[in-house]
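Structure for the following, please:
(one chain, ligands or ions: 2)
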Amino acid sequence: MKKKWWHGKTAYQIYPKSFKDGNGDGIGDLRGIIEKLDYLKELGVEIVWISPIYQSPFVDQGYDISDYYAIDPVFGTMDDMDKLLLEAKKRNINIVMDLVVNHCSDQHEWFQKALKDPYGKYGKYFYIMEGKNGNPPCNWRSYFGGSVWEKLPGYNNLFYLHMFAKEQPDLNWENPEVRQEIYKMIRWWLEKGIAGFRLDAIINIKKDLRFQDFPADRADGLCAGTKMLQYAEGVHEFLQEMKREAFEPYQAFTIGELFDFRPEELERYIGGHGCFEAIFDFSPHMLGGSKKGWYDRKPVTPNEFRDAIYASKELSQDIGMMANIIENHDEPRGVSHYLPEGEINETSKKMLAGISMMTYGLPFLYQGQEIGMTNKEFRSIDEVDDISTLDEYHVALANGFKEDEALKLVTGMSRDNARTPMQWSDAPHAGFTEGTPWLAENENYHDINVKEQQNRKDSVLSFYKELIALRKNPEYSEAIVYGQQMPALTELKNFMGFYRRGNIHTLLVLANYQSKKRTVTINESAAQILLDSCSEESGMAKLIKAENRIQIPMEGYQFLLLEIKE
Ligand code: GLC
Ligand code: CA
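Residues are numbered from 1 along each chain as shown. Ligands and ions are numbered 1, 2, ... in the order given. Take a look at the predicted model:
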């Protein structure tokens, strides 16, 4: 594989509204991010992706952009942005922005002009179509519920398409003028010195241009809009053009948010010839999902989690790198999602950390993950802000659940779990703001916060620091970054093991994915422990040698990284 500057790094996602408030208005901002750059540097991260900070009406928390060239005033000014870039550079941190170009905001001037003259130049910037006698052109359901079609105000039979909220009209990528506008904007930001982009919802830019009905998949008579992606042909042409015209000249780092891609097409997305540098690996996140809605989801078992990761590594590692995550701003907290209720503690959190950081690919941490932040307990639907959770709540109600049941079912998946303020300390509002936070903090900030963990050697934060440092350690990085990943001890239930075979070193990850102790046996004659998640409490694990085997007694949820000696 051709080596790239980003391969050995660790990345970190900031959700700017909830990271750090620099001026006391209760909303995180650029000054707050600048304040915390030293913290990020100390953690060891070298790539920081910031969720959208552009001008926005915030219908979908900034993923509805009304001006791509402006910083929203709640986050600060363009001067603040320039300062952030400068300060980040001093600390060797690469800033990655969010690129939301499947759609814009209905307040964007392009859409405002399209409304005034749907048959004119800007009408062609969007998908504006005639309906069927006042009914939408087809029966696709938007990601946030309801039809993807909304009537154009003032017209009886004209509709515009929105895959997400109705305030997020889809941009018409078939129109070369739109594409050129987008590339121009990308180049403008790259000129400013950002390292690259995370590409939001990018597979949606190509539609099935027949715009026809599919068989309904729910009682509302609609069919998930994603269905059309199976028939949409030609997304790669758009993406290759964008790469050529906008990214390549700047050697930009690009990471795609890509659900619903065809596995046999992976080579077209990553690796030397792919349209992106990397894409996120969402395979564990798809587990337990249901077409019916969040209310119908199943909990994820350790074996399913493990097998999903095995499978995606097998698919991808000879092609290119995917980014490994356990959570992001659209997901519940990883520790609440992938660990059984009642077994979420620092030991099990460290185990997940170890798995995610040692798996082949680019590790991406989400703010608060490094201290083991958990899901929030929502007591009423009024505490929820997220547009998607509100939709799913109504879906649950419509399917016969009572209000308290629906609340419990959907808030476990709510995107707001990840959007509560970052827990910096046990000061009021978790030290996030001196004002009133825009979204209430998780009450457990007294126990879980950066300040408490910073100087404690056995904290989750300290463990992440060790993992990140090991990835950069010149001795082991070739195995951790490039080593082939091979499943190990697959016959064990509630266990995850894998080798990372580098050219010089062979490492073995052992994760006891259960609360019960167990003894595992590996067919190796000599090994050495590089990392032990329990060493602070119970001393280093023991390696008991017998002939050509080693027995290792493991605590519940213990994580071990071994170096195999031949
Ligand atoms: C992506 C974003 C999500 C947003 C959606 C629409 O999935 O991550 O937060 O709601 O796209 O832009
Ligand atoms: Ca602020």
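
Three-state assignment for the closest residue to R471 other than its chain neighbours, please.
Counting by C-beta to C-beta, 6 or more residues apart in numbering, R471 lies nearest to I480, which is 5.1 Å off, once chain neighbours are set aside. The C-beta positions use only the backbone N, C-alpha and C, and glycine is treated the same way. Following DSSP: H, G, I helix; E, B strand; the rest coil, I480 is assigned to helix.

before we move on, what about A311?
helix.

Now the phi/psi pair for T506, please.
T506 adopts backbone torsions of phi -120, psi 130, taken as degrees, to the nearest 10.

Ignore what I typed, I meant K83.
Backbone phi and psi, for K83 under degrees, to the nearest 10, turn out to be phi -60, psi -40.

still on that earlier bit, mind listing what the residue nearest to R471 touches?
When contacts are counted by C-beta atoms under 8 Å, 6 or more residues apart in numbering, I480 touches 358, 470-471, 500, 502, 507.

secondary structure element for E167?
Assigned by DSSP states H and E, E167 falls within no helix or strand.

and the nearest residue to T359 once chain neighbours are set aside, what are its bridge partners?
Sequence neighbours aside, N324 is the residue nearest to T359 in space, at 5.0 Å (criterion: C-beta to C-beta, 6+ apart). Legend: beta-bridge partners of N324 under DSSP bridges are P363.

how close does N324 get to ligand 2?
Separation of N324 from ligand 2 (C-beta to the ion, to the nearest Å): 31 Å.

Redo the contacts of I480 as a markdown table? Include pLDDT and secondary structure.
Listed next are these as a markdown table, based on pLDDT from 0 to 100; DSSP: H, G, I helix; E, B strand; the rest coil:
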| residue | pLDDT | secondary structure |
| --- | --- | --- |
| M358 | 98 | helix |
| L470 | 97 | helix |
| R471 | 97 | helix |
| R500 | 98 | strand |
| G502 | 97 | coil |
| L507 | 98 | strand |
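
Make a markdown table from these and add neighbour count to it.
Output for the contacts of I480, formatted as a markdown table (neighbours: other C-beta atoms under 10 Å):
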| residue | neighbour count |
| --- | --- |
| M358 | 25 |
| L470 | 19 |
| R471 | 18 |
| R500 | 24 |
| G502 | 17 |
| L507 | 23 |
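
tell me which of those residues is nearest to ligand 2?
R471 (32.9 Å; C-beta to the ion).

quick one on the thing from earlier: check the residue nearest to T359 and give its pLDDT.
Model confidence at N324, given as pLDDT, is 98.

Please apply the same query to E566.
We have a pLDDT of 78 for E566.

and the gap between it and H505?
Distance from E566 to H505, counting by C-beta to C-beta, to the nearest Å: 11 Å.

more neighbours, these two?
H505 (18 against 6; other C-beta atoms under 10 Å).

Low-confidence ranges, this protein, go.
Across the chain, nothing is flagged by pLDDT under 70.

and the residue nearest in space to the middle of the chain, how far is that from ligand 1?
By C-alpha atoms, centre = their mean, the chain has its centre lying nearest to N328, at 3.7 Å. Using C-beta to the nearest ligand atom, to the nearest Å, N328 is found at 7 Å from ligand 1.

OK, contacts around that residue?
13, 280, 364, 366, 418.

Mind telling me what element A70 is part of?
Counting by DSSP H and E, A70 is found in strand 67-71.
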